[in-house]
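S.K.: Attaching a predicted model along with its sequence, questions to come.
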Amino acid sequence: MSLRSSDPNYYAHQYNGTSTGQRKIRILDSTLREGEQHPGVSFTIKQRIQIAWMLDSFGVDQIEISPVVSPDHAEATKTIIKQGLRADIVAHTRAIKSDVDIAIDCGATWVATYMGISDIHLSAKLRITREEAKIRALEVVDYIKSHGLKSRFTMEDASRTEPDFLIEMCKEVSNRGIERISIPDTVGIMRPQGMFTLVKMVRDSIDSSKTSLDVHCHNDVGLALANALAGCDAGADQIHTTIDGFGERTGIPSLAETAVALMLIYRSNNDLRLHMLKDLSRTISEYTGLLTPESKPIVGDSAYKHKAGTHLAAILRNPAAYEIIEPKTVGNRRKIVFGELAGKNGAAYLLSLLGLETGQHEAETLAKGLKELRLGDILELYLDERLERKILNDAPMKVKPKE
Ligand code: HCA
Ligand code: CU
């Protein structure tokens, strides 16, 4: 992506700065774990294997799956581990030795265990004291390490945990050789600045050459990705995503939005096949039977759809006027809507596509006709590569805008 001032995005990139520099922010995709916690989502073993292959070719760094949910999940985990994919396969378990045993039985080399450590999780869920939680957590960490596994420890509900206890837990697991700590905003209550402060506090209190940080942010108020990115600005280097953002309740950041934010906006040094994004979304929608909202960023059907006459006029000359990234870069398509807002320019373009007269009068008549369309009677057109070339080469606008 060029940084010349002739690039229409140039000044925006200048404002954005390079807060994360050229460093790489990694992606852990949890479609097979968090994603399956979304109401109505449950994959077959074959589908799980297919999704893992697709995520791996896309280029995520880690793929998370929980083998403890059912024997089906254990079998999928085992098979996926055997594929020898490039991404790490992370087996997600509760902080319980018998769960870790299931992960080991599946051949896991990476294990992520989680424990709710806020007072509300300790009292309402685990029914133990902080001291008991610490003892239980460290026993499991030692158990994992005694098996020579690579591991992550998730401080579930970290954003609502008493800071001194959170720091104490992070220090203890880091000192015992845990490779990664996940700092989740389990209930989606943070704002970006708050997530920054939380992650920075943890990072400053552990030895970051030994232990790296993950951020796992829930989307209850729609701030998940913004919060996760703020956590990375504070020193975390891995974001948790799922395809289309599915997860418990309203989910976590979507893979597509995260990948494009990282590569286009944050200039993170990832090697991702962005053109697979639409296909990944389509596959998940097919497997879950849940429709992708058409307004979904990057992968939605309307993500590159242009309607207002003033937009059409500009888009037909240079799509960068209203697009920050070429739709085909992410496997999506540009669409032009000829509806009540198309105006004379849009109408003239439509006439030229149909091989009809495109004089002032014809364009005005058609524009008027389009205005009278009822909502829903909208004519949409994909601009495939052939048409795009035609637009650029033979300047389709035959009607000159009035001065
Ligand atoms: C859950 C917990 C979790 C764990 C996140 C992580 C959360 O849903 O059971 O392991 O990093 O949101 O805290 O998803
Ligand atoms: Cu979660």
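M.R.: Great, that's in hand. Residues are numbered from 1 along each chain as shown. Ligands and ions are numbered 1, 2, ... in the order given.

S.K.: quick check: longest helix of this structure.
M.R.: If you go by DSSP state H, the chain has its longest helix at helix 130-146.

S.K.: Figure out how far it is from the centre of its chain.
M.R.: A distance of 32 Å separates the centroid of the chain from that of helix 130-146, by Cα atoms, centre = their mean, to the nearest Å.

S.K.: elements contacting that helix?
M.R.: On a contact count with 3 or more Cβ pairs under 8 Å, 6 or more residues apart in numbering; DSSP states H and E, helix 130-146 meets helix 97-105, strand 110-116, strand 150-156, helix 163-175. C-beta coordinates here come from the backbone N, C-alpha and C atoms, glycine included.

S.K.: mind checking the SS state of the residue of the stretch 201-350 of the chain found nearest ligand 1?
M.R.: Residue nearest to ligand 1 within the stretch 201-350 of the chain (Cβ to the nearest ligand atom): residue 216, separated by 3.7 Å. Recorded secondary structure, residue 216: strand (DSSP: H, G, I helix; E, B strand; the rest coil).

S.K.: Residue 277 is in what secondary structure piece?
M.R.: Under the criterion of DSSP states H and E, residue 277 resides in helix 277-288.

S.K.: May I have that helix exported as PDB, CA atoms only?
M.R.: The C-alpha coordinates for helix 277-288 follow below in PDB (Å, rounded to 0.1, in the frame of the first residue of the first chain):
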ATOM      1  CA  LEU A 277     -12.600 -13.000   3.400                       C
ATOM      2  CA  LYS A 278     -15.900 -13.000   1.600                       C
ATOM      3  CA  ASP A 279     -15.600 -16.700   1.000                       C
ATOM      4  CA  LEU A 280     -14.900 -17.400   4.700                       C
ATOM      5  CA  SER A 281     -18.000 -15.400   5.600                       C
ATOM      6  CA  ARG A 282     -20.100 -17.200   2.900                       C
ATOM      7  CA  THR A 283     -18.900 -20.600   4.200                       C
ATOM      8  CA  ILE A 284     -19.900 -19.700   7.800                       C
ATOM      9  CA  SER A 285     -23.200 -18.400   6.700                       C
ATOM     10  CA  GLU A 286     -23.900 -21.600   4.800                       C
ATOM     11  CA  TYR A 287     -22.800 -23.800   7.700                       C
ATOM     12  CA  THR A 288     -24.800 -21.900  10.300                       C
END
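
S.K.: about what we covered before: may I see the helices and strands packed on helix 130-146 arranged in TSV, with mean neighbour count and mean pLDDT as well?
M.R.: Below are the helices and strands packed on helix 130-146 laid out as TSV (neighbours: other Cβ atoms under 10 Å; pLDDT from 0 to 100):
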stretch	mean neighbour count	mean pLDDT
helix 97-105	18	98
strand 110-116	24	98
strand 150-156	24	98
helix 163-175	18	98
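
S.K.: Tell me the residues of the stretch 151-300 of the chain that contact ligand 1?
M.R.: Within the stretch 151-300 of the chain, the positions near ligand 1 by Cβ under 6 Å from any ligand atom are 154, 156, 182, 184, 186, 214, 216, 218, 240, 248.

S.K.: Once you drop chain neighbours, what's closest to the second one?
M.R.: Nearest in space to residue 156, with sequence neighbours left out and distances taken as Cβ to Cβ, 6 or more residues apart in numbering, is residue 116 at 4.2 Å.

S.K.: How about the contacts made by that neighbour?
M.R.: 122, 125-126, 156-157, 186 (Cβ atoms under 8 Å, 6 or more residues apart in numbering).

S.K.: Would you mind giving the helices and strands packed on helix 130-146 as TSV with distance to residue 34 added?
M.R.: As requested, the helices and strands packed on helix 130-146 are arranged in TSV below (distance: least, Cβ to Cβ, whole Å):
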stretch	distance to residue 34
helix 97-105	17
strand 110-116	11
strand 150-156	11
helix 163-175	21
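
S.K.: Ligand 1 contacts on the stretch 1-150 of the chain?
M.R.: Close to ligand 1, as judged by Cβ under 6 Å from any ligand atom, the stretch 1-150 of the chain has residues 34, 37, 112, 114.

S.K.: at 5 Å instead, please
M.R.: Within the stretch 1-150 of the chain, the positions near ligand 1 by Cβ under 5 Å from any ligand atom are residue 114.

S.K.: For the residue of the stretch 1-150 of the chain found nearest ligand 1, list the residues it contacts.
M.R.: Residue nearest to ligand 1 within the stretch 1-150 of the chain: residue 114 (4.4 Å; Cβ to the nearest ligand atom). Taking Cβ under 8 Å, 6+ apart, we find residue 114 in contact with 92-95, 153-154, 156, 182.

S.K.: got the contact list for the helix holding residue 277?
M.R.: Residues from elsewhere that reach helix 277-288 (Cβ under 8 Å, 6+ apart): 31, 35, 38, 40-41, 43, 47, 50-51, 54-55, 58, 243-244, 246, 255-256, 259-260, 291-292, 296, 298-299, 330-332.

S.K.: For the nearest residue to residue 297 once chain neighbours are set aside, give its distance to residue 264.
M.R.: Among residues not flanking residue 297 along the chain, residue 257 sits closest, at 5.2 Å (Cβ to Cβ, 6+ apart). According to Cβ to Cβ, to the nearest Å, residue 257 and residue 264 sit 11 Å apart.

S.K.: can you check residue 179 too?
M.R.: The value you get for residue 179 to residue 264, if Cβ to Cβ is used, is 29 Å.

S.K.: now residue 113: how far from residue 354?
M.R.: Distance of residue 113 to residue 354, computed by Cβ to Cβ: 62 Å.

S.K.: Please tell me how far stretch 42-54 is from the chain's geometric centre.
M.R.: On Cα atoms, centre = their mean, the centre of stretch 42-54 falls 18 Å from the chain's centre.

S.K.: quick one: buried residues of it?
M.R.: 42-43, 45, 47-49, 51-52, 54 (16 or more other Cβ atoms under 10 Å).

S.K.: now swap in stretch 69-83 and tell me
M.R.: So, applying 16+ other Cβ under 10 Å, buried residues of stretch 69-83: 69, 73-74, 76-81.

S.K.: What average pLDDT does it get?
M.R.: The average pLDDT within stretch 69-83 is 97.

S.K.: what residues does it touch?
M.R.: Contacts with stretch 69-83, where a contact means Cβ under 8 Å, 6+ apart, come from 32, 36, 43, 45, 48-49, 52-53, 63, 65-68, 89, 91, 102-103, 105-109.

S.K.: for the protein, which spans come out with low pLDDT?
M.R.: Residue ranges of the chain with pLDDT under 70: 1-3, 18-21, 374-378, 381-403.
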